[in-house]
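> For reference, the sequence and a predicted model appear below.
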Amino acid sequence: MAKASIKTVFLCSECGNDFSKWHGKCPACNEWGTLKEYTPPAGGQRGKGRANTPPLLSLEDILTNGDSERATTGISELDRVLGGGFLRGSVVLLGGNPGIGKSTLALQAAAAVGGTTLYVSAEESQEQIALRAKRLGASGEKVSITSENRWEGIEEQISLLKPEYFVIDSIQTIFTERGDALPGAISQVRECGQKILDVCKSRGTTAIIIGHVTKEGVIAGPRMLEHMVDTVLYLEGDTRHDYRLLRAEKNRFGSTNEVGVFEMTGEGMREVKNPSEMFLAERQSDAAGSAVFPSMEGTRPILVEIQALASNASFGTPQRNVTGFDLRRLSMLLAVLEKRLGVIVGTSDVFVNVVGGMRIDEPAADLAVISAVASSKKDQAVPGDTVLMGEIGLAGELRSIAGMDGRLKEAKRLGFKQAVVPHKGAKKVQGLHLTTCRTVSEAFKAIF
Ligand SMILES: Nc1ncnc2c1ncn2[C@@H]1O[C@H](COP(=O)(O)OP(=O)(O)OP(=O)(O)O)[C@@H](O)[C@H]1O
Ligand SMILES: [Mg+2]
């Protein structure tokens, strides 16, 4: 590790550790090519703590006097992902692909939360922000906008305005004068991140930091930025479609399973209260290779369509292509399909797609995935009014899943008439015909 007397060190962009000499591979996290030269700011500022030592408080005092109320934005999809609104003094990092709607969502949240807000936009001019605010119909009384990009200037404005919230759009475009690297450099992002954190924790201000993502899909800059903040949100979606999914990658004060669904419109991000309806809107219920699965996103069931196409491989090794589902899980399911159910897909290209850009990582989707593939292979549709769920074991057994009741009720609400479910844990839902199965082959008898 670097000694305090050493001027220039080498900083790892992955783990944030520093070293006195350059290495091709970071000795701490073993990543290759991540070490970058870094000169700490003059005057021994590096690693400097807060000016005053914070007072010692007993947990009892904090619990009785602490004000940890959450401020809701009224945008319920956002509040849910945050774990019930913004917590005072917390730092939220919002990442996402270019043009996905990060600034839009941050500005809408700033206007909706109703507290004094400083919106720092180093990327766009004040006029551009105002134009967007007008388009969104956001009331701007309490939102002040600055295009300052020096941290020192931003800090000054924070101490003058004393805002309850501030938005940094984006962390890659601001810099501190104490560092000599360009904005967006690992050292700048790290220093500015640390300063934002200090301001939030000492003043009780809530910050929303917007972060650009790299082509690998992670927030650009040091990985440690994600460790420093309280909540990391990702706005996902296909820019060619209008829906956007907001996911919590990390949340110190809430669940990371919740997902917020939005639609990008001319008036900004509109909440989608009935995501199941949206995801099933374009479904052709009589088409072969399609199955509906009630997925569980946190506490909310969302019905999604799983599509599969099995076609004869024209040459070479058959392809397995999957979007929104685990490829290795698919391979396992294809093996079960061949071995236990006699549906031969070894010489077929198999494509599986979870419609609407949804990503499913629960094994409860197994039955729907395997049925969609079999349906395409047999060229025989799964009944359009049926939902499928259940985890599949290697022996071909259909295993119980969590949250079946909620899933079935959502299916019933959307007009489905039948459900094929695992034998164990099945509960009757009025108006929905349940077929309980112990194995996949029993399930296939009911479906095909
Ligand atoms: N008038 C409009 N009607 C509909 N959608 C619009 C309109 N203007 C902008 N958009 C949408 O807003 C998106 C840009 O949103 P925003 O600027 O919030 O994205 P961002 O994630 O902040 O982008 P960047 O990475 O460039 O900062 C555009 O891709 C477009 O889909
Ligand atoms: Mg933006």
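Ah, there it is. On a predicted model such as this, the values are computed, not experimentally measured, just so you know. Numbers count the residues shown, from 1 in each chain. Ligands and ions are numbered 1, 2, ... in the order given.

> Would you map the helices across the stretch 51-200 of the chain?
Here the stretch 51-200 of the chain has its helices, by DSSP state H, counting those that start in this stretch, at 59-65, 76-82, 102-113, 126-136, 151-161, 186-203.

> what's the third one in contact with?
Contacts made with helix 102-113 from outside it, assessed by CB atoms under 8 Å, 6 or more residues apart in numbering, are listed as 71-75, 78, 86, 94-96, 117, 119, 121, 123-124, 129, 132-133, 136, 138-140, 143, 165, 167, 169-170, 208, 210, 235, 246, 262, 264, 268-269. All C-beta spots, glycine's among them, are computed from the backbone N, C-alpha and C.

> go on, the longest one?
Identification of contacts with helix 186-203 by CB under 8 Å, 6+ apart yields 11, 13, 16, 36, 38, 41, 50, 89-91, 151, 155, 158, 162, 168, 171-172, 174-176, 178-179, 181-182, 205-207, 209, 220-222, 224-225, 228-229.

> now the residues you listed: which count as buried?
11, 13, 16, 36, 38, 89-91, 151, 155, 158, 168, 171-172, 174-176, 178-179, 181, 205-207, 209, 220-222, 224-225, 228-229 (16 or more other CB atoms under 10 Å).

> closest to Thr436 out of the helices of the stretch 51-200 of the chain?
Set against Thr436 and scored by CB to CB, the helices of the stretch 51-200 of the chain come closest in helix 76-82, at 32.0 Å.

> Just the CA trace of that closest one, in CSV.
Coordinates of each C-alpha in helix 76-82 appear next as CSV, following Å, rounded to 0.1, in the frame of the first residue of the first chain:
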residue,chain,number,x,y,z
SER,A,76,-45.4,5.0,-6.4
GLU,A,77,-43.3,3.0,-8.8
LEU,A,78,-40.2,5.0,-7.7
ASP,A,79,-41.2,5.0,-4.0
ARG,A,80,-41.6,1.2,-4.0
VAL,A,81,-38.1,0.6,-5.5
LEU,A,82,-36.6,3.1,-3.0
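
> any idea of the mean pLDDT in it?
Helix 76-82 shows a mean pLDDT of 91.

> Could you check that helix and say which residues are buried?
77-82.

> quick one: buried residues of stretch 337-344?
So for stretch 337-344, counting by 16+ other CB under 10 Å, buried means 337, 340-341, 343.

> Need those residues in CSV (columns: distance to ligand 1 and pLDDT).
Output for these, formatted as CSV (distance: CB to the nearest ligand atom, whole Å; pLDDT from 0 to 100):
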residue, distance to ligand 1, pLDDT
Leu337, 40, 95
Arg340, 46, 93
Leu341, 44, 93
Val343, 42, 93
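
> Contact residues of the stretch 1-150 of the chain facing ligand 1?
96, 98-104, 123, 135 (CB under 6 Å from any ligand atom).

> where's the residue nearest to the spatial centre of the chain, which helix or strand?
Closest residue to the average C-alpha location of the chain: Arg247 at 2.7 Å, with CA atoms, centre = their mean. Element membership for Arg247 (DSSP states H and E) is strand 243-251.

> if we can go back for a sec, and the helices of the stretch 51-200 of the chain, which one is worst for confidence?
Looking at these, the bottom one is helix 59-65 with a mean of 72.

> now it, how far from the centre of its chain.
33 Å (CA atoms, centre = their mean, to the nearest Å).

> Contact partners for the residue nearest to Leu414 when sequence neighbours are not counted?
Counting by CB to CB, 6 or more residues apart in numbering, Ser276 is the residue found nearest to Leu414 once chain neighbours are left out, at 5.5 Å. For Ser276, the contact set (CB under 8 Å, 6+ apart) comprises 294, 301-304, 410, 413-414.

> Report the secondary structure state of Ser276.
helix (DSSP: H, G, I helix; E, B strand; the rest coil).

> Phi first, then psi, for Thr439.
phi -130, psi 170 (degrees, to the nearest 10).

> Which of the helices or strands spans Arg270?
Assigned by DSSP H and E, Arg270 falls in strand 268-271.

> can you check Gly316 too?
Assigned by DSSP H and E, Gly316 falls outside every helix and strand.

> again with Ile370
Counting by DSSP H and E, Ile370 is found in helix 366-378.

> Report the spatially nearest residue to Gly33, omitting neighbours in sequence.
Gly24 (6.8 Å).
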